[in-house]
Structure formats: C-alpha cells, structure tokens
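Trainee: attaching a predicted model along with its sequence, questions to come.
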Amino acid sequence: MLSTYRFIVMIDEEEDDVENLLKRKISWKAILKGFFGLIMLGGAVLLIQFSRSEEGINYTYFFLAITLMCVASSIMVPIPERKKEVRHTISLLKCEKCGSLRVQDYMDGDFVYKDTETPCKQCSGNYKIHEVYSLKLKSTGKKKTIDQ
C-alpha cells in the first residue's frame, strides 16, 4: 500500500513538472538566438572542413572555427531570470541620553547621526539615527490569487 502511494505521489510530481514546462513562455528573442547559434555552429563545421587539405591543416581556418564554436555555444546558453528581491529599509534610532533603541520605517532624508524630533518615552531625550538597514524580505514562493 505504501509503495502504491509513493508511485502516485511521483506521478503527481511529474505532472506538475510537465505543466510548468508547458506554461513556460519562450520568447522570439530566445528562438532567434538558438537559430543564429545553430547557423554559427554549421559555419564552424564548414570551416573545419575547409581547414583540412592534402598538405595538412590550415590552422587559420581551424582556430577561426573553434572561436566560432565558442561564440555560438555562449549565445545558445539560456540566461536564467533573476528573481526580484523584496527589500524593506528601516532606520534604527538611539536616544542620546539613555541609549534606548527604537526602529522606524526609513523616510526620505534619513541619514546616520541625523537628529530627529521624536522624543524618548523613557527620559524625554531626543532620538538620533544610529543605523540604516535594508532588509531582504522572505517570499513564500507561491502567489495567492483571489478569484472574484
């Protein structure tokens, strides 16, 4: 019974992979890059054939063919999309008198050692911006959509 369950789970995972491949969009740019790369590889093969002769190998054509193969293979490699990072910037405030810390959202014009008019709740002193951070927020990976 347990092995049957594993088999069903494996089939479900494979179906998800196939669905993801089918949903992936291929751009015209990627198609043209692949086509152009194949033409360059064909040209490299022809150059290798021209480099051979009865006297020996013509190294100029041979090295040109190798260079063309390297360029074609680098063109054909797909570049993965970068995921956008969601970042949040905060300012860490420190009281000048008692040293208590407070965190607030970053506002335009905030910089380190800037005096703020925010009073301290403990000693009535003024806060000064001590540090400014940019935090990377975690994403859940799946987007939730609400159908209405």
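Mentor: Yep, it's here. Numbers count the residues shown, from 1 in each chain.
Trainee: pLDDT below threshold where in the chain?
Mentor: Along the chain, segments meeting pLDDT under 70 span 1-24, 80, 139-148.
Trainee: what's the domain layout of it?
Mentor: 2-76, 87-136 (automatic domain parsing).
Trainee: take these and write them to a markdown table, including mean neighbour count.
Mentor: Using the backbone N, CA and C atoms, a C-beta is placed for each residue, glycine as well. Putting those into a markdown table (neighbours: other Cβ atoms under 10 Å) gives the following:
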| stretch | mean neighbour count |
| --- | --- |
| domain 2-76 | 12 |
| domain 87-136 | 13 |
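Trainee: send me the longest helix along the chain as CSV with only the CA atoms.
Mentor: What stands out as the longest helix in the chain, according to DSSP state H, is helix 28-51. C-alpha atoms of helix 28-51 as CSV (Å, rounded to 0.1, in the frame of the first residue of the first chain):
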residue,chain,number,x,y,z
TRP,A,28,11.1,35.3,-30.0
LYS,A,29,14.4,36.5,-28.9
ALA,A,30,15.3,33.1,-27.5
ILE,A,31,14.2,31.4,-30.7
LEU,A,32,16.3,33.7,-32.8
LYS,A,33,19.3,33.3,-30.6
GLY,A,34,19.0,29.5,-30.9
PHE,A,35,18.6,29.7,-34.7
PHE,A,36,21.5,32.1,-35.1
GLY,A,37,23.7,29.8,-32.8
LEU,A,38,22.9,26.8,-35.0
ILE,A,39,23.8,28.7,-38.1
MET,A,40,27.1,29.6,-36.5
LEU,A,41,27.8,26.0,-35.5
GLY,A,42,27.1,24.9,-39.0
GLY,A,43,29.6,27.6,-40.3
ALA,A,44,32.2,26.3,-37.8
VAL,A,45,31.8,22.7,-39.1
LEU,A,46,32.3,24.1,-42.7
LEU,A,47,35.4,26.0,-41.6
ILE,A,48,36.8,22.8,-40.1
GLN,A,49,36.2,21.0,-43.4
PHE,A,50,38.0,23.8,-45.2
SER,A,51,40.9,23.7,-42.8
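Trainee: hmm, who's touching it?
Mentor: Residues outside helix 28-51 that contact it (Cβ atoms under 8 Å, 6 or more residues apart in numbering): 57-62, 64-66, 68-69, 71-73, 75-76, 78.
Trainee: I am finished for the moment; much appreciated.
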